[in-house]
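[1] The following block contains a protein sequence and its predicted model.
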Amino acid sequence: MPFCTQCGGQVQPADVFCASCGAAQASGASAPRPASANKSSSDPFANVGTRQASTLCYIPLVGWIVSIVVLAAERFRDSRETRFHAFQGLYIFVAWLFVDWVFDPMSKYAPSMRIMASAMKVGVFGAWIFMLVKTSQGENFRLPLLGELADRSVSEQR
């Protein structure tokens, strides 16, 4: 049985793309490459799977760092779902910054804004936790507005 030229997984002789990684296959798929050849020594995610990388993008307040590293990593360049979660994690962080930098200062001048700013912070933090749980369970959930933005961002990079 032939093997994928990218990840080393088994493919059928007639397969045009690998079912595991999605890489295009040559007409004569070769023998599997050793695992050490698939991973560069400078890759910070060398031993991290796509689901784990996607989940790390939703760690509250620091997931944006992981998201940027995932988006820059060569390993996840072709993983649409992982890149989607990285973008969505970034957009949740931007929403947090917006609430923290715009609504919080406004709440000092209008007491009614304090309740709204606090509710927004709880909502954004809740979205982080919700996505952390959903992604760790392998579910691909798209938040209403931020999910659409993340889909567009992933599509524009192709």
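    Perfect, I can see it now. Residues are numbered from 1 along each chain as shown.
[2] what domains does the record give for this structure?
    Following automatic domain parsing, one finds the domains of the chain at 1-33, 42-156.
[3] Let me have those domains in CSV, extended by mean neighbour count.
    For the C-beta atoms, the positions are set from N, CA and C on the backbone; glycine is no exception. Converted to CSV, the domains of the chain look like this (neighbours: other C-beta atoms under 10 Å):
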stretch, mean neighbour count
domain 1-33, 14
domain 42-156, 17
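[4] Just give me the lowest mean pLDDT stretch among those domains.
    Least confident of those, judged by mean pLDDT, is domain 1-33 with a mean of 72.
[5] distance between that one and the chain's centre?
    25 Å (C-alpha atoms, centre = their mean, to the nearest Å).
[6] helices or strands next to the longest helix anywhere in the chain in the packing?
    Taking DSSP state H as the assignment, the helix of the chain that covers the most residues is helix 111-136. With contacts defined as 3 or more C-beta pairs under 8 Å, 6 or more residues apart in numbering; DSSP states H and E, the packing partners of helix 111-136 are helix 50-56, helix 80-98, helix 104-106.
[7] looking at those, which is closest to residue 143?
    helix 80-98 (6.4 Å; C-beta to C-beta).
[8] quick one: the closest one to helix 111-136, angle?
    Angle of helix 80-98 versus helix 111-136, following axes from the mean of the first three to the mean of the last three C-alpha atoms, to 10 degrees, is 160 degrees.
[9] And helix 80-98, how far out from the chain middle?
    That offset, for helix 80-98, works out to 8 Å (C-alpha atoms, centre = their mean).
[10] do stretch 59-71 as well
    That offset, for stretch 59-71, works out to 9 Å (C-alpha atoms, centre = their mean).
[11] pull the CA atoms of that stretch into CSV?
    Written as CSV, here are the backbone C-alpha positions of stretch 59-71 (Å, rounded to 0.1, in the frame of the first residue of the first chain):
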residue,chain,number,x,y,z
ILE,A,59,-6.6,30.2,26.9
PRO,A,60,-8.0,33.4,28.4
LEU,A,61,-5.7,36.4,28.2
VAL,A,62,-2.7,34.6,26.8
GLY,A,63,-4.1,32.5,24.0
TRP,A,64,-3.4,35.3,21.5
ILE,A,65,0.3,34.4,21.8
VAL,A,66,-0.4,30.8,20.9
SER,A,67,-2.7,32.0,18.0
ILE,A,68,0.1,34.1,16.5
VAL,A,69,2.6,31.2,16.8
VAL,A,70,0.1,28.8,15.2
LEU,A,71,-0.6,31.2,12.3
